[in-house]
Each structure stands twice: as structure tokens, then as C-alpha cells.
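Undergrad: pasting the sequence and the predicted model now:
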Amino acid sequence: MDISIDPDSPVPPYEQVRLRIAALAADGTLAAGTKLPPVRHLATDLGLATNTVARAYKELEQAGLVETRGRAGTVVTARATGTSLRAQIAANTYVETTRALGIPPQTALALVEAALQA
């Protein structure tokens with residue numbers, strides 16, 4: 001799986017993992033039913049703590065993008081390829097960008113509202 005962590009990014013590593021898996025599912029690289037690597041294996045490959053990857057998987061599961069099937073592992077759900085996921089990824093990208101630019105949350109929201117009304 002093509003995931004890399006940017007240690008200089010203001011985005012926490014677990015969020016980088018979560019966003020990348022969500023993006024891979026959204027663009028079809030990870031089809032519904034694709035088994036994800038075990039948490040420990042992916043953590044080792046990425047040089048991260050096991051709990052970091054576990055948190056990414058947990059948040060993906062809470063969002064309905066993956067499903068954990070016990071010993072059978074964690075798999076991508078059909079929901080992960082939907083349009084709402086693309087909107088979530090776009091929103092997360094916007095948040096990352098505005099944070100990196102130092103834009104306060106209220107201003108970022110006002111920019112979105114103005115764009116939606118235009």
C-alpha cells in the first residue's frame with residue numbers, strides 16, 4: 001500500500017494514515033473488500049507506533065470506511081468509494097491548508113460559506 005508519512009507536516013501521523021487510506025479507497029486503488037495490512041505490520045513498515053495506526057483504523061471504522069472482522073482482518077467497505085468520502089477528503093485538505101496558512105477557524109468557515117453562496 002502506497003502510504004508515506006511526512007514528519008514535518010502539521011497533520012498528525014495517524015491522520016496522514018487515515019487520509020491516505022481513505023483517498024486510496026475513494027480513487028478505487030483499494031476496492032471494496034480489500035484487506036488492509038495488520039496494524040502491527042503497517043506500523044512497522046511506516047516506522048510508527050502500533051497505537052498510531054490503530055487509531056487511524058479505528059477512525060476509519062467509525063466513519064464506516066473499513067470494517068474489522070476479527071481474525072479475518074480489516075477490509076475496505078463499499079461506502080469508502082462514495083461521493084461523501086470525496087467531500088470529506090476535500091474538507092480535510094481544506095482544513096490542513098487553512099491551518100498551515102494560520103487562518104483562524106472562523107475565517108476558514110466564512111470563506112467556505114462565501115464560496116457556497118457564490
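TA: Yes, it's here.
Undergrad: every contact and neighbour count from this point should use C-alpha atoms.
TA: Noted.
Undergrad: what is the neighbour count of Ala63?
TA: Counted by other Cα atoms under 10 Å, the residues lying close to Ala63 total 13.
Undergrad: now the one 4 residues further on
TA: Look at Glu67: counted by other Cα under 10 Å, it has 20 neighbours.
Undergrad: that one: helix or strand, and which one exactly?
TA: strand 66-68 (DSSP states H and E).
Undergrad: likewise for Ala108?
TA: Going by DSSP H and E, Ala108 is part of helix 105-117.
Undergrad: try Arg18
TA: Since the elements are taken from DSSP H and E, Arg18 ends up inside helix 13-26.
Undergrad: hmm, who's touching that helix?
TA: 3-7, 30-32, 52-53, 55-57, 59-60, 65, 76, 80-82, 85-86, 89 (Cα atoms under 8 Å, 6 or more residues apart in numbering).
Undergrad: quick check: mean pLDDT of the helix holding Ala108?
TA: Helix 105-117 shows a mean pLDDT of 93.
Undergrad: contacts for it, please.
TA: Val95, Thr98.
Undergrad: then stretch 51-58?
TA: Under Cα under 8 Å, 6+ apart, the answer for stretch 51-58 is Pro13, Tyr14, Glu15, Val17, Arg18, Val39, Arg40, Leu42, Ala43, Val66.
Undergrad: list the buried residues in it.
TA: Thr52, Val53, Ala54, Arg55, Ala56, Tyr57, Lys58 (16 or more other Cα atoms under 10 Å).
Undergrad: now, which of these lie within helices?
TA: Among the buried residues of stretch 51-58, DSSP state H puts Thr52, Val53, Ala54, Arg55, Ala56, Tyr57, Lys58 in helices.
Undergrad: check the spacing between the residue most central in space within the chain and Ala32 real quick.
TA: A centroid search over the chain (Cα atoms, centre = their mean) returns Leu19, at 2.0 Å, as the residue closest to the centre. Taking Cα to Cα, to the nearest Å as the criterion, Leu19 is separated from Ala32 by 17 Å.
Undergrad: related to what we said a few turns ago, how far away is the residue nearest to the centre of the chain from Ala110?
TA: On the measure of Cα to Cα, Leu19 and Ala110 end up 24 Å apart.
Undergrad: in a markdown table, list the contacts of stretch 51-58 along with neighbour count, distance to Thr93 and pLDDT.
TA: Formatted as a markdown table, the contacts of stretch 51-58 follow (neighbours: other Cα atoms under 10 Å; distance: Cα to Cα, whole Å; pLDDT from 0 to 100):
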| residue | neighbour count | distance to Thr93 | pLDDT |
| --- | --- | --- | --- |
| Pro13 | 21 | 15 | 97 |
| Tyr14 | 20 | 15 | 96 |
| Glu15 | 19 | 11 | 95 |
| Val17 | 23 | 14 | 97 |
| Arg18 | 18 | 12 | 96 |
| Val39 | 20 | 24 | 96 |
| Arg40 | 16 | 27 | 96 |
| Leu42 | 19 | 23 | 97 |
| Ala43 | 18 | 23 | 97 |
| Val66 | 27 | 20 | 94 |
